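A.B. asks: Below: sequence and its predicted model.
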2 protein chains.
Amino acid sequence: MAKPSKQPRPKAEAPKGFRDYFGAEVTTRAEMLGKIAGVYHRYGFDALESSAVETVEALGKFLPDVDRPNDGVFAWQDEDEKWLALRYDLTAPLARVYAQHRNDLPTPYRRYAMGPVWRNEKPGPGRFRQFYQCDADTVGTSSMAADAEICAMLADCLEEVGIERGDYVVRVNNRKVLNGVLEVAGILDPANPDHFAEERGIVLRAIDKLDRLGPEGVRALLGEGRKDESGDFTKGANLNNEQAAKIISFLNIGDMMFSLKAREQTQRLAMSGRPMAFAGGSNPSKSAISFLRSLVKSSTIGTEGVAELEEIAALLAAQGYGPDRIVIDPSVVRGLGYYTGPVFEAELTFEILDEKGRPRQFGSVAGGGRYDDLVARFTGQRVPAVGVSIGVDRLLAALHAKGRIGGTAQGPVVVTVMDRDRMAEYQAMVGELRRAGIRAEVYLGNPKNFGNQMKYADRRGSPVAIIAGGDEFAKDVVQIKDLILGAQIAENATLEEWKERPSQYEVPRGQLVEKVREILAGQG
Amino acid sequence: MAKPSKQPRPKAEAPKGFRDYFGAEVTTRAEMLGKIAGVYHRYGFDALESSAVETVEALGKFLPDVDRPNDGVFAWQDEDEKWLALRYDLTAPLARVYAQHRNDLPTPYRRYAMGPVWRNEKPGPGRFRQFYQCDADTVGTSSMAADAEICAMLADCLEEVGIERGDYVVRVNNRKVLNGVLEVAGILDPANPDHFAEERGIVLRAIDKLDRLGPEGVRALLGEGRKDESGDFTKGANLNNEQAAKIISFLNIGDMMFSLKAREQTQRLAMSGRPMAFAGGSNPSKSAISFLRSLVKSSTIGTEGVAELEEIAALLAAQGYGPDRIVIDPSVVRGLGYYTGPVFEAELTFEILDEKGRPRQFGSVAGGGRYDDLVARFTGQRVPAVGVSIGVDRLLAALHAKGRIGGTAQGPVVVTVMDRDRMAEYQAMVGELRRAGIRAEVYLGNPKNFGNQMKYADRRGSPVAIIAGGDEFAKDVVQIKDLILGAQIAENATLEEWKERPSQYEVPRGQLVEKVREILAGQG
């Protein structure tokens, strides 16, 4: 028993919803962020790193009159009574930075940022309260070329980190088109934007639930309402048949897109992975655009949205980004509320097995769009902006699922300690190995039990162990053990058994580095 | 005037004590962290990334009974009344992680971590409340080989990031030696450690102020006390002359070291930078060790400390880390309170000009040592550990001061927009450049005023601008402007003036990439 102490011992636990990342989890993510930063940089985007902490007022989460200002964010009061909070995304800080430094920044300002953000939300499986975001935004231009550029850059990023062409698609839609649909359905009046707000809310939530409720469930919500399996009733938007038909035909274009894409994928597979050349009527972007144009032709805003989509599609086509990579797709509705113009989402199209072993689409790994109102909060001036956020943790999960990254990083060569008094000589060995660029370390635990040293090397994932005791020093040689070859007997062997194995080599001390390099090369 | 609004606009300001980092500030630091991570990795250290947030109890800042638990840290109460806080260093989280995951981690556990930490302190010039740390620690071994390894690794890191050999020195001391000095001075009784605590506190604070107060000021504090210029009196430790003499002679060894080092540096310079071979009596580490041994010979703990220093020195010498890189130096006293054995500090030895133009030594950029009590807080078991923390922001400042890094990062090639309707063709140009690995972008601001486009390119630090209007497209050529050559006239030129300059070339459209590459190569 431990001796009694005045204070109870603290629990050694990360706070609820937070976790630790070890070894390859850290370095693989860092590599991915580095690759994405390289693409962003090549597109002319500049790095920005703002602090994790912002004033609550700058974040736009205004204090309610209650005791809990940190709803959704982690917030606390500074010594001069100001509320500070951890950033919950990288866009709100960008708006603050741009408003603060706009006189020193180029216009347009292309910036990228990567780092953790924090959400004070109920954690769940795979959902943490700290996670990485990796954003690029262009502030200060309303040119659709900025939107097209970000879509192309997103496709390049996905390929750069190892998602092959054909395994992803960037889907582009436009918030204005949706507004146009709401207008032709008679529940958006440009002259009186507050009118029908309740109906629009119901319709938008219904569209957003298409995946879950299916077309019939959505249809019910567009009309009188819907009773779910438990008997709970959700109020509907009370649209008449003609109104509902407009919304439904808009949703159908999404279905049409899906079936088009499915057909293309089948064709691509039949052509052993070579991307198809899309042309004319078989180009799903062109089909979607002409369908949408006729659907919203009586709406000014809707027609504007369709024209924007057409411009983006033309710019991308001119750069060779065809519908095998980027498609116009009205079925993108997620997150539309936040955006004011084009929206886009990158989706991985391959299947993975879920936790119950069922195949499912991997789904969305990045999203973004045009938002024109963030900076105005500070300056009173509207500044147009468009950006994208890549979900690096989901991308990493996808690459793991595809087997493109994974396992543990290779451990160091371990120089075992047979004779405590020769520590300096063991250190000299690792020094030589490191100077040759080989990861290496001396065993620094208690060297008495040789088996423990080998267990340590095993736990470290070491490819090679070096063994040198009195005999070896007398003969000026070292024993070099190939641990990958010898892995199956790693647990319980004695020193003598180890020495007898064919995966072990005795070489002159002077050939240490050369032999280790040879073994590592053989292990691939 | 802006229209009246219900809520006042938020201020666009980073919170007090926090700042934003732009462009090269971000990428240069990321490169440095990457290089240091490479060295740490080669030494067998594994990456660890814990979250920014810890429970206050795990951080070891126990809640007082008052209203402000966040003294020194940023802390807040979770929804279930638990106090959470931002980490103030990377060592406290390591202790928590090791205690939590110790059954899954190798022993010893070598880990590195890099990332921001937060201090709730009064910000000052150059002092921010968020800054980077970059640590490596070995947990679970009391072998001095671990300490020696970290000293060698620290030297390697400094050279890897561009501090040349001779421009830095890693100074090593041992907390036990200081305890030995306190023991022989009669103010530390191993049998009764609480005795003389007040005197020891006064002496340690006095030693720590040696730089500022000078030897006379310290002598006064060892005795009856000291009155400063303002007339304020600081109470002394009331040591008698014999006691004070022990402390003073300990401090003198520091001075001796300094003068030895100064002599070596002069000699090194005389030998045009080639590091001297140190041997025998001229080796300052050996001199220091024999002096210290005689000084503390009646103290068990002090003698143990000297033996540890000697072991570290021998291990380092065997690996070729001589006193041109690492020295035993009893004048290292800073931060001793935190550590329980060896301590070390890396200092840059070159001079820089301070803000008033006076030359001064750059000083400390890294520090560390052995601390054996952190994990015991959680588990009740003492786990030995040793680590180092590199101050990357200070290192970056040093490299800037030496002109080894700096300026702004090179901007992108800017393709200007002469004809808005040809945006797709301009996009195709940047696409080609990027595929050739050249950073490039299309100007996305309002293209009406050509001068603004050139001002933009100037602000972006662009090396090259591409110009193509109706004439060029008709002839299938592009104009390529070398902006480095043409920088002096960038501000007010007209398009016609630009075209006439010798730093501008007309090439066939198909030679765009080739010519840009040639110009960039010429700019070196």
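C.D. replies: The structure has been received and is ready for your questions.

A.B. asks: gap between the two ends of stretch A:382-395?
C.D. replies: Criterion CA to CA, to the nearest Å; first-to-last residue distance in stretch A:382-395 is 33 Å.

A.B. asks: quick one: buried residues of that stretch?
C.D. replies: A:383-395 (16 or more other CB atoms under 10 Å in any protein chain shown). Glycine gets a C-beta too; all of them are placed from N, C-alpha and C.

A.B. asks: Determine how far that stretch lies from the middle of the whole chain.
C.D. replies: Mean-position distance between stretch A:382-395 and its chain equals 10 Å (CA atoms, centre = their mean, to the nearest Å).

A.B. asks: still on that earlier bit, mark which of the buried residues of stretch A:382-395 are part of helices, please.
C.D. replies: Counting by DSSP state H, those place A:Val392, A:Asp393, A:Arg394, A:Leu395 in helices.

A.B. asks: ok now do the last one, which residues does it touch?
C.D. replies: In this structure, A:Leu395 makes contact with A:Met32, A:Leu158, A:Val161, A:Ile163, A:Val365, A:Ala366, judged by CB atoms under 8 Å, 6 or more residues apart in numbering or on different chains.

A.B. asks: For the residues you listed, pick the one with the most neighbours.
C.D. replies: Greatest neighbour count in the contacts of A:Leu395, by other CB atoms under 10 Å in any protein chain shown, goes to A:Leu158: 26 neighbours.

A.B. asks: hang on, that residue in a helix?
C.D. replies: Yes: assigned with DSSP: H, G, I helix; E, B strand; the rest coil, A:Leu158 falls within a helix.

A.B. asks: any idea how far it is from chain B?
C.D. replies: 15 Å (CB to the nearest CB, to the nearest Å).

A.B. asks: What's opposite the residue lying closest to that residue once chain neighbours are set aside in the beta bridge?
C.D. replies: Distance criterion CB to CB, 6 or more residues apart in numbering or on different chains; nearest residue to A:Leu158, sequence neighbours excluded, is A:Tyr168 at 4.9 Å. Bridge pairing for A:Tyr168 (DSSP bridges) gives the partners A:Leu348.

A.B. asks: Nearest the geometric middle of chain A, what residue?
C.D. replies: A:Gly391 (1.8 Å; CA atoms, centre = their mean).

A.B. asks: Low-confidence ranges, the stretch 201-350 of chain A, go.
C.D. replies: Where the stretch 201-350 of chain A drops to pLDDT under 70, the residues are A:253-284, A:334-337.

A.B. asks: Mind doing that once more with 90?
C.D. replies: A:201, A:203-218, A:227-232, A:234, A:246-292, A:318-320, A:322-323, A:328-339, A:349-350 (pLDDT under 90).

A.B. asks: Spell out which residues sit in contact with A:Thr416, please.
C.D. replies: Going by CB under 8 Å, 6+ apart, A:Thr416 touches A:Tyr443, A:Pro447, A:Phe450, A:Gln453, A:Met454, A:Ala457, A:Ala465, A:Ile466, A:Ile467, A:Ala468.

A.B. asks: swap in A:Tyr132?
C.D. replies: With contact set as CB under 8 Å, 6+ apart, A:Tyr132 has these partners: A:Arg29, A:Leu33, A:Met114, A:Gly115, A:Pro116, A:Val117, A:Val392, A:Asp393.
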